[in-house]
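Q: What shape does this take:
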Amino acid sequence: MLDRTYFKFLAHCDSTDLGVDRVAVALLDEICLCEVDPLTVTEAMSLAYVASPATVHRKIDELIAAGLIEHKQEEGNQRTKFLVPTMKALDHYARLGAAIREAVK
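A: Sure, this is the predicted structure:
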C-alpha cells in the first residue's frame, strides 16, 4: 500500500508559493539553515551544490526582490554582507512545518 503522507504534505504546500524558482528556494533553505550564524554573500556563492556562483548571486537578488531575505552588515564592517531571512521567509517555513504536522495526522 502506498503511503500518501508525502502527497498530503504537497497538497498543503500549494498555498505557500513564494514566486521564485526551485534554485532560489534551495538557496533560501540554506540561508535559513544558517540563521543563527548567517551566511555571507561570498559563502553563499560557494554553494556549488545549489548552483554556479553567478547563478547564486542572481538568486540572491531575486530573493531580496521577493522580500524573502535581506542584507545585514556588522557595525564597523561595511564590506561583509550577511544574508538573513525576513519574517516572510520564516512564515513560509512555519507554514511548511504546519503542513508536515497536518500530513501525518
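Q: just the helices in this structure please.
A: Per DSSP state H, the chain carries helices over the ranges 5-13, 22-33, 41-45, 53-65, 87-103.
Q: what sits against the residue most central in space within the chain?
A: In the chain, the residue lying closest to the centroid (CA atoms, centre = their mean) is Leu28, at 1.8 Å. Residues in contact with Leu28 (CB atoms under 8 Å, 6 or more residues apart in numbering) are Leu18, Val20, Leu63, Leu68, Ile69, Pro85, Ala89. In this view, the C-beta of every residue, glycine as well, is placed from N, C-alpha and C.
Q: Quick one, which of the helices of the chain gets closest to Gln73.
A: With CB to CB as the criterion, Gln73 lies closest to helix 41-45 of the helices of the chain, at 10.7 Å.
Q: residue ranges with poor pLDDT in this structure?
A: Applying pLDDT under 70 to the chain flags the ranges 1-2, 12-16.
Q: top strand in it by residue count?
A: Using DSSP state E to define each element, the chain has its longest strand at strand 77-85.
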